[in-house]
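Participant: any chance you can model this:
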Amino acid sequence: MNFLAHLYLADRQPDALLGSLMGDFVKGPLQGRFSPDLTRALAQHRKVDAFTDAHPVVRASRARMTPARRRFAGIMVDVFYDHFLALHWEDYAEQPLEAFAREVYALLRTREAMLPERLRRIAPLMVQFDWLGSYRRVEAVHVALDRMGERLKRGNALLGAGAELTANYDGLQADFRAFFPEVRRFAQDLGTRS
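Facilitator: Numbering: from 1, shown residues only. Take a look at the predicted model:
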């Protein structure tokens, strides 16, 4: 799962939303480093990622990628699934995506000091270029993957990887539609067990 999906799956409390974004930027043990609510959100992020990585539908999506890019298939599918979530947002959420994104961006501004360094550096770009809302557009997915490819030392296979979305669009969309209700139930069950 990428930024938008993790945010969607989180509780709507500020610490839960913040933790869902911080999950990819915080490594190592969590206990004693953060508030209890933030720790729960970070742990949920990790559990959702593990559930996603092991899911047969997600594995099928990754297998759709060309062999030359398969090493980065997990990253690509995460971004592609955010595209489909943004595109079909109204099917899953009552609040419009634009309003949801504004709330997240306001939270990033007010809690900037709490963000891990890498997230603190990209948060202004996320806000300025409306990353969450932009996922609706295929072109924005291309840009996001190219941007990641430029940052990674061995990320050249990500450059131009948006073509994988275009080439496999219908199959990936069907995969997302099959998978997303399951990860949503999984995240809801995590919330009831907290």
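Participant: mean confidence for stretch 164-172?
Facilitator: For stretch 164-172, mean pLDDT is 96.
Participant: whoops, stretch 147-159 was the one
Facilitator: Here the average pLDDT along stretch 147-159 is 76.
Participant: buried residues in it, which are they?
Facilitator: Buried residues in stretch 147-159, counted by 16 or more other C-beta atoms under 10 Å: 147-149, 155, 157-159. (Each C-beta comes from the backbone N, C-alpha and C, glycine too.)
Participant: and the contacts of that stretch?
Facilitator: For stretch 147-159, contacts defined as C-beta atoms under 8 Å, 6 or more residues apart in numbering pick out 68-69, 71-72, 75-76, 145-146, 160-161.
Participant: what about the nearest residue to residue 87 once chain neighbours are set aside, how many neighbours?
Facilitator: Spatially, and ignoring its direct neighbours in sequence, residue 87 is nearest to residue 136 (5.3 Å; C-beta to C-beta, 6 or more residues apart in numbering). Neighbours of residue 136 under the rule other C-beta atoms under 10 Å: 19.
Participant: list phi and psi for residue 136.
Facilitator: Per-residue torsions, residue 136: phi -60, psi -30 (degrees, to the nearest 10).
Participant: got the contact list for it?
Facilitator: 83, 86-87, 89, 97.
Participant: who wins for most neighbours among these?
Facilitator: For the contacts of residue 136, the largest neighbour count, defined by other C-beta under 10 Å, is 25 neighbours, found at residue 83.
Participant: helix, strand, or coil at the residue lying farthest from the centre of the chain?
Facilitator: Centroid-distance maximum for the chain: residue 32 at 25.5 Å, with C-alpha atoms, centre = their mean. For residue 32, the assignment made with DSSP: H, G, I helix; E, B strand; the rest coil gives coil.
Participant: before we move on, what about the one 10 residues further on?
Facilitator: At residue 42 the chain is in helix, as set by three-state DSSP.
Participant: what do you get for the one 3 residues further on?
Facilitator: Under three-state DSSP, the three-state class of residue 45 is helix.
Participant: that one: neighbour count?
Facilitator: 23.
Participant: ok, it touching residue 20?
Facilitator: Yes - here residue 45 reaches residue 20: they are 5.5 Å apart, a contact under C-beta atoms under 8 Å.
Participant: now for those two: what residues contact both?
Facilitator: Common neighbours of residue 45 and residue 20, using C-beta under 8 Å, 6+ apart, are residue 6.
Participant: rewinding a little: roughly how far apart are the residue farthest from the centre of the chain and residue 39?
Facilitator: 9 Å (C-beta to C-beta, to the nearest Å).
Participant: contact partners for residue 103?
Facilitator: Counted by C-beta under 8 Å, 6+ apart, residue 103 has contacts residue 17.
Participant: with residue 140 instead?
Facilitator: Contact analysis of residue 140 by C-beta under 8 Å, 6+ apart lists 83, 131, 134.
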